[in-house]
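Undergrad: Have a look; sequence and predicted model below, questions after that.
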Amino acid sequence: MESPFDIAADLDTPVSAYMKLKPFRPRFLLESVESGERLARYSFIGLGEAVTLELFPDRLTVNGKAERRPGSAAEWQTMMRGALDRAPLLKPQIDGIPFDGGLVGTTGYDVV
C-alpha cells in the first residue's frame with residue numbers, strides 16, 4: 001500500500017487530482033455530495049490496496065491465496081470484518097475529517 005501524501009489543491013479539482021494519480025493503481029475517488037447538491041463537501045482519494053478479497057462462484061481468494069469459501073452472507077460479512085481488522089490503520093492528520101478508512105470496493109446485491 002502506498003504511503004499517504006498531500007497534493008496542493010488550489011489549482012486542481014478532485015477529479016483532476018485523481019486523473020494525475022493514474023499511475024498509482026488501484027485507486028478510487030469518493031465524494032460526499034448530499035441532498036441534490038452539485039459540489040462535494042469532502043473528497044477522498046485512495047491509492048493501492050491493503051487487502052484484496054475476491055469471491056467467485058467456486059472459490060474465495062484473500063490477497064490471491066485460496067481460502068475456504070463462505071457458506072452464507074453472514075460468513076462473508078465476518079470475513080470482510082476480519083479483513084478490515086488486518087488492514088493497516090491510517091488516521092487522517094487533519095482534525096474534523098469524519099472518514100478514517102474502511103473497505104472500499106464492490107459487492108453484488110446477493111451479498112447485501
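TA: Received the coordinates, thanks.
Undergrad: Mark out where each domain of the chain begins and ends.
TA: Domain assignment for the chain by automatic domain parsing gives 1-49, 50-88.
Undergrad: This structure: helices as residue ranges?
TA: Per DSSP state H, the chain carries helices over the ranges 14-20, 73-86.
Undergrad: May I see the buried residues of the last one?
TA: So the one you mean is helix 73-86. Neighbour-count burial for helix 73-86, counted by 16 or more other Cβ atoms under 10 Å, picks out 76, 79, 80, 83. Bear in mind the C-beta positions are built from the backbone N, C-alpha and C, glycine included.
Undergrad: again with stretch 58-75
TA: Quick answer for stretch 58-75 (16+ other Cβ under 10 Å): 60, 70.
Undergrad: what distance separates the start and the end of that stretch?
TA: Start to finish, the residues bounding stretch 58-75 are 15 Å apart (Cα to Cα, to the nearest Å).
Undergrad: mind checking how far that stretch is from the chain centre?
TA: Distance of stretch 58-75 from its chain centroid, counting by Cα atoms, centre = their mean, to the nearest Å, is 19 Å.
Undergrad: returning to what we had before: can you lay out the helices of the chain as CSV showing mean pLDDT and distance to residue 96?
TA: Below are these laid out as CSV (pLDDT from 0 to 100; distance: least, Cβ to Cβ, whole Å):
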stretch, mean pLDDT, distance to residue 96
helix 14-20, 87, 18
helix 73-86, 81, 23
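Undergrad: Can you list the neighbours in contact with stretch 54-65?
TA: 51, 52, 53, 66, 67, 68, 69, 70, 76, 79, 83, 111 (Cβ atoms under 8 Å, 6 or more residues apart in numbering).
Undergrad: so what's the fifth one scoring on pLDDT?
TA: Which is residue 67. At residue 67, the pLDDT value in this model is 83.
Undergrad: Quick one: residues contacting it.
TA: Going by Cβ under 8 Å, 6+ apart, the list of residues near residue 67 reads 60, 61, 79.
Undergrad: on that earlier part again, save the helices of the chain as CSV, and put in distance to residue 27 too.
TA: Formatted as CSV, the helices of the chain follow (distance: least, Cβ to Cβ, whole Å):
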stretch, distance to residue 27
helix 14-20, 7
helix 73-86, 19
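Undergrad: how close does residue 34 get to residue 14?
TA: 15 Å (Cβ to Cβ, to the nearest Å).
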